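Engineer: build me a model from this:
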Amino acid sequence: MSNLSFLSKKGAAASKSPMRIDLEIYYEAMENLYHPETNPSGALPMNVAENHLCWEMLRDRIQKVTRENTIPEWVASYTDPAGAPSFREATAEFLSKFLMHVPVNPDSLAFSGGATSTIEMTSFLLANPGDTAVIPAPSYPVYSGDIGTLPEVKRFDLQVPSKPINSEYQFDLQLLQEAKEKIEANGSNFRMLILTQPDNPTGRIYSESLLRKIADWCIQNQIHLIVNEIYGLSQLDIQNPNLKAFYPQASPFVSFGKIMSEYQSPFLHFWYSFSKDFGISGFRIGLLHSHNEDLIQAYRNAGLGHSISNYTQWVIQEVLLDHGFLKTFFESFQQKLTESYLIVTQTLKKLNIPFNPSRGSLFVWMDLSEFLEEKSLKGEEKLWLEIYEKTGILITPTNGFGHSEKGWYRIVITSLSHEELKVAMKRLSDFIQIKRKG
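Structural biologist: Presented below is the predicted three-dimensional model:
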């Protein structure tokens, strides 16, 4: 008898469904990491969205907190499942000063253990099983599991016009109306629209005017609009002399939190996590911001099992209160992020490899369709494996992004140091040149 017979239906399904298809190879690569002296032919994993660029700065600041401060009494006790009051206050100040630039009410925030937990909890509380969440494609593959495994919400990939020459999303709201009609014709309910900005994987942003139009449409149709700004401070310096010419009429980045503050609508929500901008994915801190008081209360009532460690809340709270450090930290991070972006994109330009101009995030979305033996999922997977086997570079496979165009791949630009990134680009250049020679 199979062990699966002892599981629930969801348990059996989960046992057969890996979180992402590249994890096994990722673990293999992590056991064989590149080192310039001891392992010069080692692997260079660039598939997992981690930011290692300024960890040393943050680690030093965290060590200062733990060395110079006495742990408060509340850390050892239960606290509000939505987040300790002092932690919510420190985070509200941080969001207000560095991202949203409007006052943020601490009572509009609810926390849980990482972005995945926040997405799962929000989906569970806003949508019924069988409802549909619409997500512009290409987009984060693991959204499917986050909204689907426990909340049982379906994913609908909205195919928006692909314009690699543009770093901003531009699409007609008629696409949303058509999606709504199609979803309802299939017996489901268009319950949620999820946007990410800067986007994963394209790095695009939404102009303030488009965000307002989308918000108006969602409110009118009683659809919950959630904007995920997990990369909100992972912005490129588009005034850099090597980049400025590529963004001649760029719209300013405007946080959705600013629009929410004005609208005060129960249908508008915001996600954030400290994983990417701060480079502390292992700390597991995700948050929901909403002016829907019932949603925040529901999050508090149902979220005890998703709570963040009080010790983690206290340590990060102390870091967040040091605005002088945060200013220096993000200036350094954005400078290093821009340098990483230039190392990758200047290589791609020399190789005449198309890519989507980015405004932020940790990625470059590049078009390798020239090298596909066939424009199919099978062809994409074969090329992805060939790149890894011949170069040691592990990029993110295309499976799950929901993109109708074949041959686009995501490359994480913040998981390696600048020197390691140059090694990776040299290997990629050699691979492409050999492929073109046939």
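Engineer: alpha carbons only for contacts and neighbour counts from here, please
Structural biologist: Will do.
Engineer: and residue 79, backbone torsions?
Structural biologist: For residue 79, the backbone dihedrals are phi -140, psi -170 (criterion: degrees, to the nearest 10).
Engineer: and it, how far from residue 187?
Structural biologist: Between residue 79 and residue 187 the distance is 42 Å, computed by C-alpha to C-alpha, to the nearest Å.
Engineer: quick one, which of these two is more surrounded?
Structural biologist: Using other C-alpha atoms under 10 Å, the more surrounded residue of residue 79 and residue 187 is residue 79, with 15 against 10.
Engineer: show me where pLDDT drops low in the stretch 51-200 of the chain?
Structural biologist: Low-confidence segments of the stretch 51-200 of the chain, defined by pLDDT under 70: 163-165.
Engineer: residues in contact with stretch 8-26: which ones?
Structural biologist: Among residues not part of stretch 8-26, those counted as contacts by C-alpha atoms under 8 Å, 6 or more residues apart in numbering are 4, 5, 45, 47, 141, 142, 145, 149, 394, 396, 397.
Engineer: before we move on, what about stretch 195-206?
Structural biologist: With C-alpha under 8 Å, 6+ apart, stretch 195-206 has contacts from 135-136, 138-140, 167-170, 225-232, 234-235, 253, 356-365, 410.
Engineer: type out the PyMOL command that picks the buried ones from these.
Structural biologist: Remark: buried members of the contacts of stretch 195-206, expressed as a PyMOL selection using 16 or more other C-alpha atoms under 10 Å:
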select buried, resi 135+136+138+139+140+167+168+169+170+225+226+227+228+229+230+231+232+234+235+253+356+357+358+359+360+361+362+363+364+365+410
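Engineer: just the contacts of stretch 195-206: which are in strands?
Structural biologist: Among the contacts of stretch 195-206, the ones falling in strands (DSSP state E) are 135, 136, 225, 226, 227, 228, 363, 364, 365, 410.
Engineer: got these as CSV, with distance to residue 62 columns?
Structural biologist: Below are the ones in strands among the contacts of stretch 195-206 laid out as CSV (distance: C-alpha to C-alpha, whole Å):
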residue, distance to residue 62
135, 36
136, 37
225, 35
226, 31
227, 29
228, 26
363, 27
364, 30
365, 33
410, 31
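Engineer: now render the contacts of stretch 8-26 as JSON lines, adding secondary structure.
Structural biologist: Listed next are the contacts of stretch 8-26 as JSON lines, based on DSSP: H, G, I helix; E, B strand; the rest coil:
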{"residue": "4", "secondary structure": "helix"}
{"residue": "5", "secondary structure": "helix"}
{"residue": "45", "secondary structure": "strand"}
{"residue": "47", "secondary structure": "coil"}
{"residue": "141", "secondary structure": "coil"}
{"residue": "142", "secondary structure": "coil"}
{"residue": "145", "secondary structure": "helix"}
{"residue": "149", "secondary structure": "coil"}
{"residue": "394", "secondary structure": "strand"}
{"residue": "396", "secondary structure": "strand"}
{"residue": "397", "secondary structure": "coil"}
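Engineer: pull out the buried residues from those.
Structural biologist: With neighbours counted by 16+ other C-alpha under 10 Å, the contacts of stretch 8-26 contain buried members at 45, 47, 141, 145, 149, 394, 396, 397.
Engineer: tell me where the stretch 201-350 of the chain has strands.
Structural biologist: Ranges of strands in the stretch 201-350 of the chain, per DSSP state E, counting those that start in this stretch, are 224-228, 268-273, 286-290.
Engineer: turn the buried ones among the contacts of stretch 8-26 into TSV, columns for distance to residue 214.
Structural biologist: Shown next, in TSV, are the buried ones among the contacts of stretch 8-26 (distance: C-alpha to C-alpha, whole Å):
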residue	distance to residue 214
45	37
47	31
141	23
145	25
149	27
394	36
396	30
397	30
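Engineer: Provide a list of residues in contact with residue 229.
Structural biologist: 196, 197, 198, 255, 270, 271, 272.
Engineer: with residue 89 instead?
Structural biologist: Residues counted as contacts of residue 89 (C-alpha under 8 Å, 6+ apart) are 105, 106.
Engineer: likewise for residue 84?
Structural biologist: 310, 313.
Engineer: give the buried residues for stretch 397-417.
Structural biologist: Neighbour-count burial for stretch 397-417, counted by 16+ other C-alpha under 10 Å, picks out 397-403, 406-416.
Engineer: break this protein into its domains for me.
Structural biologist: Under the assignment automatic domain parsing, the domains of the chain span 3-56+326-433, 71-322.
Engineer: tabulate those domains in TSV, adding columns for distance to residue 64.
Structural biologist: Formatted as TSV, the domains of the chain follow (distance: least, C-alpha to C-alpha, whole Å):
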stretch	distance to residue 64
domain 3-56+326-433	12
domain 71-322	10
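Engineer: dump the strands of the stretch 201-350 of the chain into JSON lines; add distance to residue 304 and mean pLDDT as well.
Structural biologist: Shown next, in JSON lines, are these (distance: least, C-alpha to C-alpha, whole Å; pLDDT from 0 to 100):
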{"stretch": "strand 224-228", "distance to residue 304": "22", "mean pLDDT": "98"}
{"stretch": "strand 268-273", "distance to residue 304": "18", "mean pLDDT": "98"}
{"stretch": "strand 286-290", "distance to residue 304": "14", "mean pLDDT": "98"}
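Engineer: tell me, how many residues neighbour the closest residue in space to residue 339 that isn't next to it in sequence?
Structural biologist: Nearest non-adjacent residue to residue 339, counting by C-alpha to C-alpha, 6 or more residues apart in numbering: residue 418, 7.9 Å away. By other C-alpha under 10 Å, 19 other residues sit near residue 418.
Engineer: do residue 137 as well
Structural biologist: Neighbours of residue 137 using other C-alpha under 10 Å come to 23.
Engineer: ok, it - contacts?
Structural biologist: By C-alpha under 8 Å, 6+ apart, the neighbours of residue 137 are 157, 158, 159, 160, 401, 402, 403.
Engineer: buried sites along the lengthiest helix in the chain?
Structural biologist: Longest helix in the chain, counting residues (DSSP state H): helix 323-350. Residues 326, 329-330, 333-345, 347-348 are the ones in helix 323-350 that count as buried (16+ other C-alpha under 10 Å).
Engineer: stretch 25-33 now?
Structural biologist: Buried positions in stretch 25-33, judged by neighbour count with 16+ other C-alpha under 10 Å: 26, 29, 32, 33.
Engineer: now, those residues that are in helices?
Structural biologist: Per DSSP H, the subset of these in helices is 26, 29.
Engineer: make a markdown table out of the buried residues of stretch 25-33 and add distance to residue 242.
Structural biologist: Shown next, in a markdown table, are the buried residues of stretch 25-33 (distance: C-alpha to C-alpha, whole Å):
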| residue | distance to residue 242 |
| --- | --- |
| 26 | 33 |
| 29 | 33 |
| 32 | 34 |
| 33 | 31 |
